[in-house]
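J.: need a structure here:
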Amino acid sequence: MLVTGALGSVGRYAVHAAKQRNVRVIAGVRKRQLDEAAALGAERVVAVDDPEAVAGLPELQGIADTVGGETVAAVLPKLVPGGKLGSVVGEPAGAKARGIQVRAMQTHADPARLAQLAQEVASGAVVVPIAARFPLAQVREAFQAVAHGAAGKVLLTL
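T.: Predicted structure coming up:
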């Protein structure tokens, strides 16, 4: 299974959850993120913004898409007919015409699952990168950090 956006928060957890279920995972990231993505522990890491790397992907039974747009369009031809695509960003064009099973993934309230996730973060099994911390009085600076593509979460502290 390929996870697009594997270094984002949702992607990181998708990689983690798939590995817990003994799924063979390929982490899809940007070319500049290849070294960082190695720490995810996926079987393989691929630059989804590199056409040669995408061409080298094997046929896929499933894709967990957290990016959409051009990224999923580039990897979709690697999904076998009848393959499964879970997406947090919507159904890609042409997926159903190819017989791909598309499932929209949305959040829902699940206190037990949230508690488990918190334990996994606390134990270090799942890493949530923190790019910056700002006191609440610097909320404007925090939003600017987010707008400029902070590589991780931006926290406001009290």
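J.: beyond the host helix or strand of residue 72, next helix or strand please.
T.: Element membership for residue 72, per DSSP states H and E: helix 69-75. Note on helix 69-75: by DSSP H and E, the next helix or strand toward the C-terminus is strand 79-87.
J.: name the residues of that next one that are buried.
T.: 79, 83, 84, 85, 86, 87 (16 or more other C-beta atoms under 10 Å). Heads up, the C-betas are built off the backbone N, CA and C, glycines and all.
J.: now stretch 106-124
T.: For stretch 106-124, a neighbour-count test (16+ other C-beta under 10 Å) marks 117, 120 as buried.
J.: average model confidence for that stretch?
T.: Averaging pLDDT along stretch 106-124 gives 87.
J.: please compute how far it lies from its chain's middle.
T.: In terms of C-alpha atoms, centre = their mean, to the nearest Å, the centre of stretch 106-124 is set 17 Å apart from its chain centre.
J.: repeat for stretch 70-84
T.: Chain-centre distance of stretch 70-84: 15 Å, with C-alpha atoms, centre = their mean.
J.: if I look at the residue lying farthest from the centre of the chain, how far off is residue 157?
T.: Going by C-alpha atoms, centre = their mean, the residue of the chain most distant from its centre is residue 137, 31.4 Å out. Note on residue 137: its distance to residue 157, by C-beta to C-beta, to the nearest Å, is 10 Å.
J.: which of the buried residues of strand 79-87 lies closest to residue 47?
T.: For those, the closest approach to residue 47 (C-beta to C-beta) belongs to residue 79, at 18.0 Å.
J.: which ones are touching the closest residue to residue 106 other than its chain neighbours?
T.: Of all residues beyond its chain neighbours, the one nearest residue 106 is residue 88 (7.5 Å), with distances taken as C-beta to C-beta, 6 or more residues apart in numbering. Residue 88 makes contacts with 10, 65, 66, 104, 105, 106, as judged by C-beta atoms under 8 Å, 6 or more residues apart in numbering.
J.: can you name the next helix or strand after the helix or strand of the chain with the lowest mean pLDDT?
T.: Here the helix or strand of the chain ranked lowest by mean pLDDT, DSSP states H and E is strand 101-104, holding a mean of 87. Per DSSP H and E, strand 101-104 leads on to helix 111-123 as the next helix or strand towards the C-terminus.
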